[in-house]
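A.B. asks: Provided below are the primary sequence and the corresponding predicted coordinates.
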Amino acid sequence: MSQPGRLTIATRASRLALWQAEHVRGRLQALYPSCTVELLTLTTRGDQILDRTLSKVGGKGLFVKELENALLDGRADLAVHSLKDVPIDLQAPFELCAMLERADPRDAFVSNRYAGLQDLPDGAVVGTSSLRRESQIRARYPKLVVQPLRGNLDTRLAKLDAGGYDAIVLAVVGLERLGLGGRIRSILQPESSLPAAGQGALGIEIRADRHDVREWLAPLASARTTACVTAERTVSRVLGGSCQVPLAAYATIDGDVLRLRALVASVDGRQVVHAEASGPAAQAERIGAAAARELLDKGADAILADLASP
């Protein structure tokens, strides 16, 4: 295999995105010591629009468009993403060529006054940017008030500290990667807050015709993470999932057996449909499709239709 001489990574400008890009740069430099790996830092539309929820302004694609433009025009060879931010319907000429080993996929409860969701009084305000989190919180704690929370991690924590919220829910992995794990008051287990498809994992996007880059990045891929995330993203793809749909999908592997849990909910949390499927990890896509069919059989199609109606 040929060795790369120079690689450029496209990344968003947030502290967390830069950590992720630096992590991939470190992995690449360890693999190819003679390679120069540079970062191309870009501001995306998703970073600029902070006064509205993603579901109202165009979805997760707002975080990848500028990075994909850099791949198209040759300014970058690869782009690093949090996999939960990558649209399910990734279009040609792009592809996800490597999914790195997953970190903690769970959600975190962060508060300056309370130890957990169960300790919040009726009417307490919880901030989250995710309809998935919102629907699950409302289902379990209907007397809490859930309010939108946008911005990068530091901005969200600052809004909590300023008193705008009694608590906020964030991804464990983001806090830990930025050395902010001490802000976590409690971790929400998947049984109470099922994670988003791909949460905790990093994905690398390239132009599909860059066979050289695909070959160079292959050693970074985790087969275990790839199987889990493939199953999870298949659920979203079959159901037409986006950030406009409160949908969760989380897979684990024990031995060679992949277990997938998934749910679809109404935003108010009054309707929640659960599904589970399992089988050989090598059949991840089939398992994801089976879970999606079970969700539809149990009434997810009606929930999705309501969400799609004006």
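C.D. replies: Nice, thanks for sending it over.

A.B. asks: buried ones in stretch 74-83?
C.D. replies: Within stretch 74-83, the residues that qualify as buried are 76-83, counting by 16 or more other CB atoms under 10 Å. C-betas here are computed from N, CA, C, even on glycine.

A.B. asks: of the residues you listed, which belong to strands?
C.D. replies: Members of the buried residues of stretch 74-83 lying in strands (criterion: DSSP state E): 78-82.

A.B. asks: with those in mind, which one is nearest to Ala262?
C.D. replies: Ser82 (19.5 Å; CB to CB).

A.B. asks: ok, now which ones touch that closest one?
C.D. replies: Neighbouring residues of Ser82 by CB atoms under 8 Å, 6 or more residues apart in numbering: 16-17, 20, 198-199, 201-203.

A.B. asks: save these as JSON lines, and put in neighbour count, pLDDT and distance to Gly151 too.
C.D. replies: Putting these into JSON lines (neighbours: other CB atoms under 10 Å; pLDDT from 0 to 100; distance: CB to CB, whole Å) gives the following:
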{"residue": "Leu16", "neighbour count": "19", "pLDDT": "95", "distance to Gly151": "12"}
{"residue": "Ala17", "neighbour count": "23", "pLDDT": "95", "distance to Gly151": "13"}
{"residue": "Gln20", "neighbour count": "23", "pLDDT": "97", "distance to Gly151": "17"}
{"residue": "Gly198", "neighbour count": "28", "pLDDT": "96", "distance to Gly151": "21"}
{"residue": "Gln199", "neighbour count": "28", "pLDDT": "97", "distance to Gly151": "19"}
{"residue": "Ala201", "neighbour count": "24", "pLDDT": "98", "distance to Gly151": "22"}
{"residue": "Leu202", "neighbour count": "24", "pLDDT": "98", "distance to Gly151": "21"}
{"residue": "Gly203", "neighbour count": "25", "pLDDT": "97", "distance to Gly151": "22"}
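
A.B. asks: among those, which lie within strands?
C.D. replies: Using DSSP E, those in strands are 202-203.

A.B. asks: distance to Thr43 for the contacts of Ser82 - can I get that in JSON lines?
C.D. replies: Output for the contacts of Ser82, formatted as JSON lines (distance: CB to CB, whole Å):
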{"residue": "Leu16", "distance to Thr43": "14"}
{"residue": "Ala17", "distance to Thr43": "10"}
{"residue": "Gln20", "distance to Thr43": "16"}
{"residue": "Gly198", "distance to Thr43": "23"}
{"residue": "Gln199", "distance to Thr43": "23"}
{"residue": "Ala201", "distance to Thr43": "24"}
{"residue": "Leu202", "distance to Thr43": "20"}
{"residue": "Gly203", "distance to Thr43": "20"}
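
A.B. asks: return the member of the contacts of Ser82 nearest to Leu180.
C.D. replies: For the contacts of Ser82, the nearest to Leu180 is Leu16 (9.9 Å; CB to CB).

A.B. asks: my read: the closest one touches Leu180, true?
C.D. replies: No - if you go by CB atoms under 8 Å, Leu16 and Leu180 don't touch, sitting 9.9 Å apart.

A.B. asks: which neighbours do the two have in common?
C.D. replies: Residues touching both Leu16 and Leu180 (CB under 8 Å, 6+ apart): 153, 174.

A.B. asks: and the helices in the protein?
C.D. replies: With DSSP state H applied, the chain shows helices at 15-31, 45-48, 54-57, 65-72, 131-140, 153-161, 172-177, 211-217, 223-239, 284-295, 301-308, listed in chain order.

A.B. asks: which of these has the lowest mean pLDDT?
C.D. replies: Mean pLDDT per stretch puts helix 54-57 lowest among these, at a mean of 45.

A.B. asks: so what's the nearest residue to His274 once chain neighbours are set aside up against?
C.D. replies: Residue nearest to His274 in three dimensions, not counting chain neighbours: Leu263, with 4.9 Å by CB to CB, 6 or more residues apart in numbering. Counting by CB under 8 Å, 6+ apart, Leu263 touches 136, 194, 247-249, 272-275, 295.

A.B. asks: can you do 6 Å?
C.D. replies: 194, 248, 272, 274 (CB atoms under 6 Å, 6 or more residues apart in numbering).

A.B. asks: using TSV, please lay out the residues you listed together with pLDDT.
C.D. replies: TSV is the format used below for the contacts of Leu263 (pLDDT from 0 to 100):
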residue	pLDDT
Leu194	98
Ala248	96
Val272	97
His274	98
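
A.B. asks: out of these, which is most surrounded?
C.D. replies: Highest neighbour count within those: Ala248, with 29 neighbours (other CB atoms under 10 Å).

A.B. asks: that one pairs with what?
C.D. replies: Applying DSSP bridges to Ala248 gives these bridge partners: Leu263.

A.B. asks: please point out which parts of stretch 133-143 sit buried.
C.D. replies: Those would be 133-139, 141, for stretch 133-143 by 16+ other CB under 10 Å.
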